[in-house]
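In: sequence and predicted structure are below.
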Amino acid sequence: MICLGIEGTAHTVGVGLVDSSGRVLSDASDMFRPPKGGIHPREAANHHAELVSGLIENAVESAGLDYSDIGLVSFSQGPGLGPCLRTVATAARALSISLSIPVIGVNHCVAHVEIGRLGNNARDPLMLYASGGNTQVIAYSKGRYRVFGETMDIGVGNMLDKFGIMAGLGFYAGPRIEELAKNGSVLLELPYSVKGMDVAFSGILTAARHHLSRGVRIEDLCFSLQETVFAMLTEITERALAQAEKNEVVLAGGVARNRRLSGMVRSMASERGASVYEPPFKYLVDNGVMIAWNGLLAYGSGQRMELKDTVVNQRYRTDQVEVTWR
Ligand code: ATP
Ligand code: FE2
């Protein structure tokens, strides 16, 4: 079976085509970049609405397929920005009705996690999902992805992006911060906020603002931000590995593109004799492929949705999903 998956929880609208064996047939996406400041949900939704049908057409054409080859459509049902979610849900429903194929909504966070397991030998990993809106340490247990630890305020990526706006680095700032940090050397003081398995980032953002206003070198501030927040993430990952008795780590989410973060997690894991798996870079950030793959997993394990079940859920939590495919 071939599934067409549509992603659109926040800044990126993406369409992916995947078959039941996990082969990727197409991957098309476009990111909304606000002219100034952060994302306005309505503006991002308008961007998705304008582009989604063209992306669907491109994806089907570039895979050399016909619409009649598609057996399932899936979409990101949440969590995310309401207007964006509703836009892609509408596109998915329309496709389902016009092609007379089933539609299935998937959880965006679980999709990030599942694409991290595709194509590698990780059997029962712990997952560090570090993205724009989310920061969670997750492990599978008894039919659910359980959240062992998470951010108590904003996602780590959002914190970096907010800092980027403050420092005039443009949106989104993660990659730029990584570049600048390479030329930093002074470790500036920032709050290290780990409480048990949870982390918090807003105090770090406030402290970073103070450092900025003092006129410190931007390279040193980026370096200090990375060293502090990635050490926090590595610490909770290590604690969860020990507690959940796992010996594999999968990195997921856009912030996992950062080589300093993956380096820290890798050195922690090697000391514990654990393996680390990373999906290809293009599947770490939002994409339609992960939504298509999760749609196939859910559908293949017997999940079905009526149109009335496709209402979006802005606060759809990772641990609300029934993981029937494991
Ligand atoms: P969520 O998955 O929580 O809904 P999202 O969809 O916005 O959030 P992703 O598309 O997975 O998140 O990732 C985007 C985030 O990743 C942005 O915050 C961006 O700054 C960050 N990011 C991308 N590349 C890097 C990098 N090299 N270093 C640090 N952060 C990065
Ligand atoms: Fe995401």
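Out: Cool, got the structure. Ligands and ions are numbered 1, 2, ... in the order given.

In: run a quick neighbour tally on Asp153.
Out: 16 (other C-beta atoms under 10 Å). All C-beta spots, glycine's among them, are computed from the backbone N, C-alpha and C.

In: wait, does the longest helix belonging to the chain contact ligand 1?
Out: Ranked by residue count and defined by DSSP state H, the top helix of the chain is helix 218-244. No: applying C-beta under 6 Å from any ligand atom, one finds helix 218-244 separated from ligand 1 by no less than 8.0 Å.

In: would Val186 count as being in a helix?
Out: No: assignment of Val186 by DSSP: H, G, I helix; E, B strand; the rest coil gives coil, placing it outside any helix.

In: let me see the confidence value for Lys36.
Out: Looking at Lys36, its pLDDT is 81.

In: mind checking what secondary structure it has?
Out: coil.

In: buried stuff in the helix or strand hosting Glu61?
Out: Secondary structure from DSSP states H and E places Glu61 in helix 41-62. Of the residues in helix 41-62, Ala44, Ala45, His47, His48, Ala49, Leu51, Val52, Leu55, Ile56, Ala59, Val60 count as buried by neighbour count, 16 or more other C-beta atoms under 10 Å.

In: how far away from the center of its chain is the longest helix of the chain?
Out: 18 Å (C-alpha atoms, centre = their mean, to the nearest Å).

In: and what of stretch 39-56?
Out: 18 Å.

In: does it reach ligand 1?
Out: No: residues of stretch 39-56 are not located near ligand 1 by C-beta under 6 Å from any ligand atom, the shortest gap being 8.7 Å.

In: the helices in the stretch 1-150 of the chain, which residues?
Out: Using DSSP state H, counting those that start in this stretch, the helices of the stretch 1-150 of the chain run over 41-62, 82-99, 108-117.

In: looking at these, which is nearest to ligand 2?
Out: helix 108-117 (5.6 Å; C-beta to the ion).

In: can you tell me what sits against that closest one?
Out: Residues from elsewhere that reach helix 108-117 (C-beta atoms under 8 Å, 6 or more residues apart in numbering): 7, 9, 76-80, 122, 125, 127, 129, 131, 134, 136, 138, 145, 250-253, 277-279, 283, 286-287, 289-291, 293-294, 297, 316-318, 321, 323.

In: near ligand 1 too, which of those residues?
Out: Thr9, Gly80, Ser131, Asn134, Gly253, Asp286.

In: so which of the residues you listed are also by ligand 2?
Out: By C-beta under 5 Å from the ion, the members of those lying near ligand 2 are Ser131, Asp286.

In: can I get the ones next to ligand 1 among the contacts of helix 108-117 in a markdown table with neighbour count and distance to Gly203?
Out: A markdown table is the format used below for those (neighbours: other C-beta atoms under 10 Å; distance: C-beta to C-beta, whole Å):
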| residue | neighbour count | distance to Gly203 |
| --- | --- | --- |
| Thr9 | 30 | 26 |
| Gly80 | 27 | 25 |
| Ser131 | 25 | 20 |
| Asn134 | 25 | 19 |
| Gly253 | 27 | 22 |
| Asp286 | 26 | 27 |
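
In: restricted to strands, list the ones next to ligand 1 among the contacts of helix 108-117.
Out: The strands, defined by DSSP state E, take in nothing from these.

In: what is the nearest of the ones next to ligand 1 among the contacts of helix 108-117 to Ile104?
Out: Checking those against Ile104 by C-beta to C-beta gives Thr9 as the nearest, at 15.8 Å.
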